[in-house]
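>>> I'll drop the sequence and a predicted model, then ask my questions.
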Amino acid sequence: MEDLQQLKDKILNYQLAGTKLGELGYTRILIQICGLAGNGKSSLINSFKHALYNKKFSMPASVAPPEHSQGGFTTVRNSYKLTDVITLVDNRGFGKSDSFEKEELYAQLANIQPLDKKVVWDRSYEERMKAVTSTSHNTNDLLVPIYVHSVENQIIEDDKGDMKTLLTTIHEITGFLPVIVLTKKLSGDADEMRLQFDKASAENIFAVENYTEKNNMKSPGKDRSFLTILSAVLDLVDFAANSVVPTLDTPEQEHLKRVQMLLTMACNNEVLRKKDKWMKENMPAKTQPTKEKKNLVSKIRAALKTHRLDN
């Protein structure tokens, strides 16, 4: 196991220049932190910075105050520079996890939504198409995702298939299978949650307790947990940089792929929404039983019950 200083040196000194990815044109790593609203994304960013630097604890990423019990305080796609090469991105979380909110999430992960501006994803199909098609490639960023999920937030059986689809789609958009960070590991069954994500085809899964304003006393174990996550992210980058068969194209080509994916996704979702709307407007609603019918059914049931008792 690497000691703390080795982990810090690896992160602080990491460079893309001179690698195959650097030769393709990539100059910065955007660690895309995403997940459900209120599951600890902003706190994770603060924890990364606190673990990496020997400074007094601060909260550059705003965390939801206590009155926001459901979290989801971040509405801007905020970026935080970690090193000259690595930037952390606090993407706006999603809640209902419907097709519209998934589109919004994927637009952020695809780097279509601009950094450090309020996330606006118009519900109008035409406006969404305009937003995607008018986005020009203007960065040389490598997009590496971290998916954050609180152990307190249990995954129900009906949502397990959706989770696997979500992680697969994030992989397709960014080119990297997301690193999974389970927050609040002491507030639930972290091992069971880890198993659920393992079944959803996740590979790098970590459980942590974030540093917070009330609990920011540094310890070697906590620092190591956060630095190990960052190290795992860089291992993914190394794998992409050193693969015999290239896993990524140039930034421009990857951007065009992401645009095409978003256009196809939005088009398919719009077809499904219109079909659902048509069904609701044109299919006859199920008629509710009248009071008279209910009374008649009750009388018949009572008569049958009496008949069975008499016999």
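In hand now; what should we look at?

>>> nearest spatial neighbour of residue 166, chain-adjacent residues omitted?
Nearest non-adjacent residue to residue 166, counting by C-beta to C-beta, 6 or more residues apart in numbering: residue 102, 7.3 Å away. Any C-beta I mention is one placed from the backbone N, CA and C, and that applies to glycine too.

>>> what strand or helix carries that neighbour?
Under DSSP states H and E, the secondary-structure element containing residue 102 is helix 99-109.

>>> now that helix: buried residues?
100-109 (16 or more other C-beta atoms under 10 Å).

>>> pLDDT on it, on average?
Taken as a whole, helix 99-109 carries a mean pLDDT of 87.

>>> after it, which helix or strand is next?
helix 125-133.

>>> circling back to that earlier point, and the buried residues of helix 99-109, which is closest to residue 229?
The closest of the buried residues of helix 99-109 to residue 229 turns out to be residue 109 (C-beta to C-beta; 18.0 Å).

>>> spit out the contact partners of the closest one.
Contact partners of residue 109, counting by C-beta atoms under 8 Å, 6 or more residues apart in numbering, are 32, 34, 91, 143, 145, 170, 173-174.

>>> go through the protein and flag its longest helix.
Among the segments of the chain that qualify as a helix by DSSP state H, the longest is helix 251-282.

>>> which parts of that helix are buried?
251, 254-255, 257-259, 261-262, 265-266, 269-270.

>>> now those as JSON lines including pLDDT and distance to residue 40?
Shown next, in JSON lines, are these (pLDDT from 0 to 100; distance: C-beta to C-beta, whole Å):
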{"residue": "251", "pLDDT": "93", "distance to residue 40": "30"}
{"residue": "254", "pLDDT": "93", "distance to residue 40": "29"}
{"residue": "255", "pLDDT": "92", "distance to residue 40": "30"}
{"residue": "257", "pLDDT": "93", "distance to residue 40": "30"}
{"residue": "258", "pLDDT": "92", "distance to residue 40": "26"}
{"residue": "259", "pLDDT": "91", "distance to residue 40": "31"}
{"residue": "261", "pLDDT": "92", "distance to residue 40": "28"}
{"residue": "262", "pLDDT": "90", "distance to residue 40": "27"}
{"residue": "265", "pLDDT": "89", "distance to residue 40": "27"}
{"residue": "266", "pLDDT": "87", "distance to residue 40": "29"}
{"residue": "269", "pLDDT": "85", "distance to residue 40": "28"}
{"residue": "270", "pLDDT": "87", "distance to residue 40": "33"}
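
>>> report pLDDT for residue 279.
84.

>>> what about it, distance to residue 125?
18 Å (C-beta to C-beta, to the nearest Å).

>>> likewise residue 215?
Residue 215 sits at a distance of 45 Å from residue 125 (criterion: C-beta to C-beta).

>>> higher neighbour count, these two?
More neighbours surround residue 125 than the other of residue 215 and residue 125, with 15 against 10 (other C-beta atoms under 10 Å).

>>> please enumerate the helices of the stretch 151-300 of the chain.
Along the stretch 151-300 of the chain, the segments classed as helices by DSSP state H, counting those that start in this stretch run 160-174, 190-199, 220-242, 251-282, 291-310.
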